[in-house]
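A.B. asks: Please find the sequence and the predicted model below.
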Amino acid sequence: MQAPAFQMSDFPTTPEISSPVVGQLLGQLRRHPKRVVFTDGEDPRVLRAAARLVAEQAVAPILLGDRDRIRALAASHGIPLTFVHLIDPPQSGDFELFCKRVENVGRYRHLTVGNPAEIVARPHYFGALVVQYGQADAVVGGNKSSTSAFFRALIQTIKPIPNIPKIFATTLLHGAHLRHFGGDGLLFLADCSLIPQPTVEELAVIALETGKLARHLLGRTPRVALLSHSTRGSSTTPDAKRMAAATALARSQAAAEFLEIEIDGELQADVALDPAAAEIKLPGADVRRSADVLVFPNLDAAHISLKLLEHCAGAQSYGQIVLGLARPAAHVPLTASEETLFGTAAVVAVEAIKYHLLYPDADY
(Lines give C-alpha, C1' and ligand atoms only; values in the text may rest on other atoms or scores of the structure.)
Protein backbone atom coordinates (compact mmCIF):
# COMPACT_ATOMS: atom_id res chain seq x y z
CA MET A 1 0.00 0.00 0.00
CA GLN A 2 1.34 3.42 -0.91
CA ALA A 3 2.13 5.63 2.05
CA PRO A 4 -0.09 8.72 2.36
CA ALA A 5 1.43 11.93 1.02
CA PHE A 6 2.73 14.34 3.64
CA GLN A 7 0.57 17.45 3.97
CA MET A 8 0.84 20.14 6.64
CA SER A 9 -2.98 20.08 6.89
CA ASP A 10 -2.66 16.57 8.36
CA PHE A 11 -1.37 18.11 11.58
CA PRO A 12 -2.99 20.36 14.16
CA THR A 13 -1.76 23.93 14.33
CA THR A 14 1.35 23.90 16.50
CA PRO A 15 1.86 26.46 19.25
CA GLU A 16 4.42 29.17 18.70
CA ILE A 17 7.93 28.06 19.68
CA SER A 18 8.45 29.58 23.13
CA SER A 19 12.23 29.77 22.93
CA PRO A 20 14.13 31.36 20.03
CA VAL A 21 16.91 28.85 20.60
CA VAL A 22 14.50 25.93 20.07
CA GLY A 23 13.47 27.62 16.82
CA GLN A 24 17.13 27.77 15.79
CA LEU A 25 17.60 24.11 16.68
CA LEU A 26 14.64 23.16 14.53
CA GLY A 27 16.21 25.08 11.66
CA GLN A 28 19.36 22.98 11.97
CA LEU A 29 17.34 19.79 12.17
CA ARG A 30 15.39 20.53 8.99
CA ARG A 31 18.73 20.37 7.21
CA HIS A 32 19.91 17.33 9.20
CA PRO A 33 16.86 15.40 10.54
CA LYS A 34 17.54 12.88 13.29
CA ARG A 35 15.76 9.86 14.77
CA VAL A 36 14.74 10.24 18.42
CA VAL A 37 13.39 7.35 20.53
CA PHE A 38 10.76 8.09 23.19
CA THR A 39 10.85 5.19 25.63
CA ASP A 40 7.45 5.99 27.19
CA GLY A 41 5.36 6.19 24.04
CA GLU A 42 1.93 5.46 25.55
CA ASP A 43 1.44 9.07 26.62
CA PRO A 44 -0.66 11.82 24.97
CA ARG A 45 2.08 14.36 25.74
CA VAL A 46 4.59 12.29 23.77
CA LEU A 47 2.11 11.80 20.90
CA ARG A 48 1.52 15.54 20.60
CA ALA A 49 5.25 16.32 20.81
CA ALA A 50 5.99 13.67 18.16
CA ALA A 51 3.34 15.08 15.81
CA ARG A 52 4.81 18.57 16.22
CA LEU A 53 8.33 17.31 15.48
CA VAL A 54 7.11 15.67 12.29
CA ALA A 55 5.16 18.78 11.31
CA GLU A 56 8.36 20.80 11.76
CA GLN A 57 10.12 18.27 9.49
CA ALA A 58 12.88 18.15 12.12
CA VAL A 59 12.80 14.74 13.81
CA ALA A 60 11.68 11.22 12.91
CA PRO A 61 10.10 10.06 16.20
CA ILE A 62 10.21 6.43 17.34
CA LEU A 63 7.69 5.60 20.06
CA LEU A 64 8.04 2.46 22.19
CA GLY A 65 5.06 0.64 23.64
CA ASP A 66 2.05 -1.43 22.67
CA ARG A 67 1.23 -0.31 19.13
CA ASP A 68 -2.52 -0.93 19.42
CA ARG A 69 -2.74 1.10 22.63
CA ILE A 70 -0.69 3.94 21.12
CA ARG A 71 -2.90 4.02 18.01
CA ALA A 72 -6.07 4.00 20.12
CA LEU A 73 -4.69 6.77 22.34
CA ALA A 74 -3.77 8.87 19.31
CA ALA A 75 -7.20 8.37 17.76
CA SER A 76 -9.00 9.33 20.97
CA HIS A 77 -7.01 12.59 21.15
CA GLY A 78 -7.15 13.36 17.44
CA ILE A 79 -3.37 13.17 17.04
CA PRO A 80 -1.95 12.03 13.67
CA LEU A 81 0.74 9.37 13.59
CA THR A 82 1.96 10.11 10.07
CA PHE A 83 5.70 9.36 9.88
CA VAL A 84 5.77 8.33 13.57
CA HIS A 85 7.36 4.88 13.91
CA LEU A 86 5.88 2.60 16.59
CA ILE A 87 7.81 -0.31 18.09
CA ASP A 88 6.59 -2.86 20.63
CA PRO A 89 9.95 -4.15 21.99
CA PRO A 90 9.04 -7.87 22.40
CA GLN A 91 7.62 -7.89 18.85
CA SER A 92 10.63 -6.18 17.28
CA GLY A 93 12.77 -7.97 14.72
CA ASP A 94 15.83 -6.89 16.72
CA PHE A 95 14.61 -8.36 20.01
CA GLU A 96 16.67 -11.58 19.90
CA LEU A 97 19.77 -9.70 18.69
CA PHE A 98 19.49 -7.24 21.56
CA CYS A 99 19.08 -10.12 24.03
CA LYS A 100 22.39 -11.59 22.86
CA ARG A 101 24.09 -8.21 23.13
CA VAL A 102 22.82 -7.73 26.68
CA GLU A 103 24.38 -11.10 27.60
CA ASN A 104 27.69 -9.99 26.05
CA VAL A 105 27.62 -6.64 27.86
CA GLY A 106 27.13 -8.45 31.14
CA ARG A 107 30.20 -10.60 30.49
CA TYR A 108 32.68 -7.89 29.59
CA ARG A 109 31.41 -5.39 32.16
CA HIS A 110 31.19 -8.10 34.85
CA LEU A 111 27.54 -7.31 35.52
CA THR A 112 25.02 -9.71 37.00
CA VAL A 113 22.48 -10.01 34.20
CA GLY A 114 19.10 -11.61 34.83
CA ASN A 115 16.86 -12.93 32.09
CA PRO A 116 17.95 -10.94 28.99
CA ALA A 117 14.48 -11.19 27.46
CA GLU A 118 12.92 -9.56 30.52
CA ILE A 119 15.52 -6.77 30.44
CA VAL A 120 15.24 -6.02 26.70
CA ALA A 121 11.43 -6.01 26.91
CA ARG A 122 11.62 -2.96 29.20
CA PRO A 123 11.18 0.12 27.00
CA HIS A 124 13.97 2.17 28.60
CA TYR A 125 16.49 -0.66 28.04
CA PHE A 126 15.25 -1.29 24.52
CA GLY A 127 15.44 2.43 23.71
CA ALA A 128 18.99 2.68 25.01
CA LEU A 129 20.00 -0.36 22.94
CA VAL A 130 18.43 1.11 19.79
CA VAL A 131 20.56 4.22 20.23
CA GLN A 132 23.74 2.41 21.28
CA TYR A 133 23.68 0.25 18.17
CA GLY A 134 23.00 3.10 15.76
CA GLN A 135 19.35 2.46 14.87
CA ALA A 136 18.41 5.86 16.27
CA ASP A 137 20.34 9.01 17.11
CA ALA A 138 19.10 9.95 20.60
CA VAL A 139 16.79 8.77 23.37
CA VAL A 140 14.32 10.60 25.64
CA GLY A 141 12.50 8.99 28.56
CA GLY A 142 11.26 9.24 32.11
CA ASN A 143 7.80 10.77 31.60
CA LYS A 144 6.13 7.52 32.74
CA SER A 145 8.94 5.61 34.46
CA SER A 146 11.10 6.01 37.52
CA THR A 147 14.19 8.19 37.30
CA SER A 148 16.46 5.48 38.71
CA ALA A 149 15.21 2.86 36.23
CA PHE A 150 15.82 5.13 33.25
CA PHE A 151 19.31 6.15 34.32
CA ARG A 152 20.20 2.55 35.21
CA ALA A 153 19.28 1.48 31.67
CA LEU A 154 21.48 4.19 30.17
CA ILE A 155 24.46 3.42 32.41
CA GLN A 156 24.29 -0.34 31.80
CA THR A 157 23.66 -0.15 28.06
CA ILE A 158 25.31 2.88 26.45
CA LYS A 159 29.11 3.08 26.42
CA PRO A 160 30.67 5.79 28.61
CA ILE A 161 33.08 8.43 27.35
CA PRO A 162 36.51 7.56 28.79
CA ASN A 163 37.61 11.04 29.92
CA ILE A 164 34.43 11.74 31.93
CA PRO A 165 34.69 9.93 35.31
CA LYS A 166 30.94 9.92 36.08
CA ILE A 167 27.92 10.66 33.97
CA PHE A 168 25.88 13.67 35.06
CA ALA A 169 23.01 15.77 33.76
CA THR A 170 22.58 19.40 32.86
CA THR A 171 19.20 21.10 32.55
CA LEU A 172 18.48 23.77 29.95
CA LEU A 173 15.98 26.39 31.15
CA HIS A 174 14.29 29.14 29.15
CA GLY A 175 13.16 32.18 31.13
CA ALA A 176 13.23 35.28 28.94
CA HIS A 177 10.57 36.85 31.19
CA LEU A 178 12.94 36.64 34.18
CA ARG A 179 15.60 39.18 35.10
CA HIS A 180 19.28 38.27 34.71
CA PHE A 181 18.44 34.85 33.29
CA GLY A 182 21.51 34.02 31.25
CA GLY A 183 22.79 35.90 28.23
CA ASP A 184 19.90 34.89 25.94
CA GLY A 185 17.14 34.10 28.42
CA LEU A 186 18.67 30.62 28.68
CA LEU A 187 20.39 29.03 31.62
CA PHE A 188 22.16 25.67 32.00
CA LEU A 189 22.10 24.10 35.49
CA ALA A 190 24.41 21.20 36.48
CA ASP A 191 24.42 18.62 37.99
CA CYS A 192 20.71 18.34 38.79
CA SER A 193 20.34 14.54 38.75
CA LEU A 194 23.15 12.17 39.54
CA ILE A 195 26.22 13.10 41.63
CA PRO A 196 25.23 13.89 45.25
CA GLN A 197 28.50 15.50 46.39
CA PRO A 198 30.88 16.02 43.45
CA THR A 199 34.62 16.16 44.07
CA VAL A 200 36.89 18.94 42.82
CA GLU A 201 37.77 16.87 39.75
CA GLU A 202 34.12 16.02 39.05
CA LEU A 203 33.07 19.67 39.41
CA ALA A 204 35.75 20.70 36.91
CA VAL A 205 34.48 18.11 34.41
CA ILE A 206 30.88 19.24 34.95
CA ALA A 207 31.91 22.85 34.27
CA LEU A 208 33.86 21.99 31.13
CA GLU A 209 31.40 19.54 29.57
CA THR A 210 28.38 21.74 30.27
CA GLY A 211 30.33 24.67 28.87
CA LYS A 212 30.99 22.68 25.68
CA LEU A 213 27.30 21.87 25.34
CA ALA A 214 26.37 25.52 25.88
CA ARG A 215 28.94 26.59 23.28
CA HIS A 216 27.46 24.10 20.83
CA LEU A 217 23.83 25.15 21.37
CA LEU A 218 24.34 28.91 21.80
CA GLY A 219 26.89 29.32 19.03
CA ARG A 220 29.07 31.67 21.10
CA THR A 221 31.49 31.68 24.04
CA PRO A 222 29.51 30.77 27.17
CA ARG A 223 30.18 32.08 30.65
CA VAL A 224 30.37 29.33 33.31
CA ALA A 225 29.99 30.16 37.01
CA LEU A 226 30.81 27.74 39.83
CA LEU A 227 28.45 28.71 42.65
CA SER A 228 28.98 28.94 46.38
CA HIS A 229 27.79 30.86 49.44
CA SER A 230 31.14 32.61 49.05
CA THR A 231 32.52 35.04 46.45
CA ARG A 232 36.25 34.97 45.77
CA GLY A 233 37.32 33.95 49.26
CA SER A 234 34.71 35.88 51.28
CA SER A 235 34.27 32.63 53.23
CA THR A 236 36.86 29.97 53.96
CA THR A 237 34.61 26.99 54.58
CA PRO A 238 35.68 23.64 53.06
CA ASP A 239 32.84 23.81 50.51
CA ALA A 240 33.86 27.29 49.38
CA LYS A 241 37.46 26.15 49.00
CA ARG A 242 36.28 23.12 47.03
CA MET A 243 34.48 25.35 44.52
CA ALA A 244 37.50 27.65 44.24
CA ALA A 245 39.78 24.67 43.59
CA ALA A 246 37.38 23.28 40.99
CA THR A 247 37.35 26.66 39.25
CA ALA A 248 41.14 26.75 39.05
CA LEU A 249 41.27 23.18 37.72
CA ALA A 250 38.57 23.80 35.12
CA ARG A 251 40.33 26.94 33.92
CA SER A 252 43.65 25.16 33.50
CA GLN A 253 42.01 22.29 31.59
CA ALA A 254 40.08 24.70 29.36
CA ALA A 255 43.31 26.53 28.53
CA ALA A 256 45.12 23.26 27.79
CA GLU A 257 42.34 22.21 25.40
CA PHE A 258 41.98 25.70 23.85
CA LEU A 259 38.27 25.76 24.67
CA GLU A 260 36.21 28.90 24.03
CA ILE A 261 34.67 28.93 27.51
CA GLU A 262 34.86 31.62 30.22
CA ILE A 263 35.01 30.09 33.70
CA ASP A 264 34.62 31.98 36.98
CA GLY A 265 34.21 31.07 40.64
CA GLU A 266 33.67 30.66 43.44
CA LEU A 267 30.71 33.05 43.15
CA GLN A 268 27.48 33.76 44.92
CA ALA A 269 24.43 33.40 42.67
CA ASP A 270 23.69 37.12 42.54
CA VAL A 271 27.27 37.89 41.48
CA ALA A 272 27.05 35.25 38.76
CA LEU A 273 23.76 36.51 37.32
CA ASP A 274 23.28 40.20 38.19
CA PRO A 275 25.91 42.62 36.79
CA ALA A 276 24.88 45.27 39.34
CA ALA A 277 25.51 42.89 42.24
CA ALA A 278 28.85 41.90 40.76
CA GLU A 279 29.88 45.55 40.48
CA ILE A 280 29.19 46.06 44.19
CA LYS A 281 30.74 42.84 45.47
CA LEU A 282 33.70 42.84 43.07
CA PRO A 283 34.78 46.49 42.95
CA GLY A 284 37.18 47.28 40.16
CA ALA A 285 36.23 44.22 38.13
CA ASP A 286 35.33 44.48 34.46
CA VAL A 287 31.69 44.83 33.50
CA ARG A 288 30.24 41.33 33.57
CA ARG A 289 27.38 39.73 31.70
CA SER A 290 25.09 37.14 33.25
CA ALA A 291 26.39 33.60 33.43
CA ASP A 292 25.03 31.07 30.96
CA VAL A 293 25.99 28.00 33.00
CA LEU A 294 25.60 27.51 36.75
CA VAL A 295 27.57 24.69 38.38
CA PHE A 296 26.26 23.84 41.85
CA PRO A 297 28.27 22.52 44.81
CA ASN A 298 25.96 19.52 45.32
CA LEU A 299 22.87 17.75 44.04
CA ASP A 300 20.52 19.18 46.68
CA ALA A 301 21.34 22.78 45.78
CA ALA A 302 21.03 22.11 42.04
CA HIS A 303 17.79 20.15 42.15
CA ILE A 304 16.05 22.51 44.60
CA SER A 305 17.04 25.50 42.47
CA LEU A 306 15.73 23.77 39.34
CA LYS A 307 12.33 23.03 40.87
CA LEU A 308 11.96 26.56 42.28
CA LEU A 309 12.78 28.11 38.90
CA GLU A 310 10.32 25.80 37.13
CA HIS A 311 7.38 25.80 39.50
CA CYS A 312 7.62 29.23 41.13
CA ALA A 313 9.36 31.44 38.58
CA GLY A 314 7.79 29.81 35.50
CA ALA A 315 11.01 28.86 33.70
CA GLN A 316 10.53 26.33 30.90
CA SER A 317 12.69 23.21 31.28
CA TYR A 318 14.10 21.27 28.35
CA GLY A 319 14.99 18.06 30.13
CA GLN A 320 17.99 16.66 31.91
CA ILE A 321 20.60 16.32 29.16
CA VAL A 322 22.83 13.38 30.12
CA LEU A 323 26.55 13.98 29.57
CA GLY A 324 29.29 11.37 29.72
CA LEU A 325 27.73 8.77 27.42
CA ALA A 326 28.72 7.92 23.85
CA ARG A 327 25.18 8.68 22.60
CA PRO A 328 22.85 11.65 23.24
CA ALA A 329 20.22 10.97 25.90
CA ALA A 330 17.88 13.00 28.08
CA HIS A 331 15.62 12.40 31.05
CA VAL A 332 12.32 14.23 31.56
CA PRO A 333 10.30 14.21 34.80
CA LEU A 334 6.91 12.62 35.38
CA THR A 335 5.46 16.15 35.32
CA ALA A 336 6.98 16.99 31.92
CA SER A 337 4.82 19.13 29.64
CA GLU A 338 4.39 18.64 25.91
CA GLU A 339 6.72 21.61 25.39
CA THR A 340 9.38 19.99 27.60
CA LEU A 341 9.24 16.78 25.57
CA PHE A 342 9.25 18.69 22.28
CA GLY A 343 12.20 20.93 23.18
CA THR A 344 14.18 18.16 24.85
CA ALA A 345 13.94 16.03 21.71
CA ALA A 346 15.17 18.98 19.64
CA VAL A 347 18.15 19.52 21.96
CA VAL A 348 19.36 15.90 21.91
CA ALA A 349 18.75 15.64 18.17
CA VAL A 350 20.98 18.67 17.54
CA GLU A 351 23.56 17.14 19.89
CA ALA A 352 23.60 14.12 17.58
CA ILE A 353 24.46 16.29 14.55
CA LYS A 354 27.92 17.11 15.85
CA TYR A 355 28.35 14.61 18.65
CA HIS A 356 31.69 13.41 17.32
CA LEU A 357 32.96 17.01 17.52
CA LEU A 358 31.67 17.52 21.06
CA TYR A 359 33.14 14.20 22.21
CA PRO A 360 35.96 13.12 19.85
CA ASP A 361 37.02 10.36 22.26
CA ALA A 362 33.61 8.68 22.25
CA ASP A 363 33.68 5.08 21.03
CA TYR A 364 31.40 4.76 18.03
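C.D. replies: Yep, that arrived. Quantities reported herein were computed from a predicted structural model and do not represent experimental measurements.
A.B. asks: what's Gly93 sitting at in phi/psi?
C.D. replies: Note on Gly93: its backbone torsions stand at phi -70, psi -20 [degrees, to the nearest 10].
A.B. asks: What is the burial count for it?
C.D. replies: Using other C-beta atoms under 10 Å, Gly93 has 7 neighbouring residues. Placement of C-beta: from N, CA and C, glycine included.
A.B. asks: Could I get the pLDDT score of it?
C.D. replies: If you check Gly93, the pLDDT there is 85.
A.B. asks: So, low pLDDT: which residues of this structure?
C.D. replies: Within the chain, the stretches with pLDDT under 70 are 1-18, 106-114, 285, 287, 356-364.
A.B. asks: Walk me through the domains of it.
C.D. replies: Following automatic domain parsing, one gets these domains for the chain: 19-164+324-358, 171-311.
A.B. asks: Provide a list of residues in contact with the residue positioned nearest the centre of the chain.
C.D. replies: Nearest to the mean C-alpha position of the chain, by C-alpha atoms, centre = their mean, lies Ile321 at 1.4 Å. Ile321 makes contact with Ala169, Thr170, Thr171, Leu172, Leu213, Pro328, Ala329, Ala330, Thr344, Val347, Val348, Glu351, according to C-beta atoms under 8 Å, 6 or more residues apart in numbering.
A.B. asks: how about the fifth one, secondary structure?
C.D. replies: Secondary structure for Leu213, judged by DSSP: H, G, I helix; E, B strand; the rest coil, is helix.
A.B. asks: Next: Ser193.
C.D. replies: coil.
A.B. asks: How about Ala291?
C.D. replies: Here Ala291 is recorded as coil under three-state DSSP.
A.B. asks: Would you mind measuring from it to Ile261?
C.D. replies: 11 Å (C-beta to C-beta, to the nearest Å).
A.B. asks: Could you do His303 as well?
C.D. replies: Counting by C-beta to C-beta, the gap from His303 to Ile261 is 24 Å.
A.B. asks: who has more neighbours, those two?
C.D. replies: For the pair His303 and Ile261, the greater number of neighbours falls to Ile261 (23 against 17), based on other C-beta under 10 Å.
A.B. asks: Let me see the backbone angles for that one.
C.D. replies: The phi/psi pair for Ile261 (degrees, to the nearest 10) is phi -140, psi 130.
A.B. asks: contacting residues around it?
C.D. replies: By C-beta under 8 Å, 6+ apart, the contact set of Ile261 is Leu208, Gly211, Lys212, Ala214, Arg215, Thr221, Pro222, Val224, Ala254.
A.B. asks: Can you tell me which of those is closest to Ile280?
C.D. replies: Val224 (21.8 Å; C-beta to C-beta).
A.B. asks: looking at this, the closest one is in a strand?
C.D. replies: Yes. The assignment for Val224 is a strand, going by three-state DSSP.
A.B. asks: from memory Val59 sits against Ala349, does it?
C.D. replies: Yes. In this structure Val59 lies within contact range of Ala349 using C-beta atoms under 8 Å: 5.3 Å.
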